[in-house]
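Peer 1: can't give you the sequence, but here's the structure:
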C-alpha cells in the first residue's frame, strides 16, 4: 500500500529547493531540486524529509575544506610552540 503523495514543490530543505516532481525510484517519489550553489539534481522525497540529503554535496566539500584549514593551522601553531 502506498502512502499519500506530499506536494513538496517550492519547499526548502537545508540548501535544496524543490522545483517539481520527477519519476519514481523503487516506489518512492523523486523530486527535481536546485541547490543554493546552482546545481540541479533529482532526490527521493523521503531523503529530503528525513534530512538524509541536505545539499548537492557542496556542504560536505565545504566542511572538508574547513576541517583541513583548521588542522593545518593547528600544526603550524604546534611547530611554533616547539621552537
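Peer 2: Good, I have the coordinates. It should be emphasised that the depicted structure is a prediction, and the values quoted were computed from it without experimental measurement.
Peer 1: show me where this protein has helices.
Peer 2: All helices of the chain, identified by DSSP state H, fall at 45-49, 58-82.
Peer 1: could you identify which of the ones you listed has the lowest mean pLDDT?
Peer 2: For those, the weakest mean pLDDT is recorded on helix 58-82, namely a mean of 73.
Peer 1: residue contacts, residue 46?
Peer 2: Residue 46 is in contact with 28, 52, counting by CB atoms under 8 Å, 6 or more residues apart in numbering. For every residue, glycine as well, the C-beta is placed using N, CA and C.
Peer 1: apply 10 Å and report the result again.
Peer 2: By CB atoms under 10 Å, 6 or more residues apart in numbering, residue 46 lies in contact with 3, 6, 25, 27-30, 52-53.
Peer 1: in this protein, where's the longest strand?
Peer 2: In the chain, assigned by DSSP state E, the strand with the most residues is strand 16-25.
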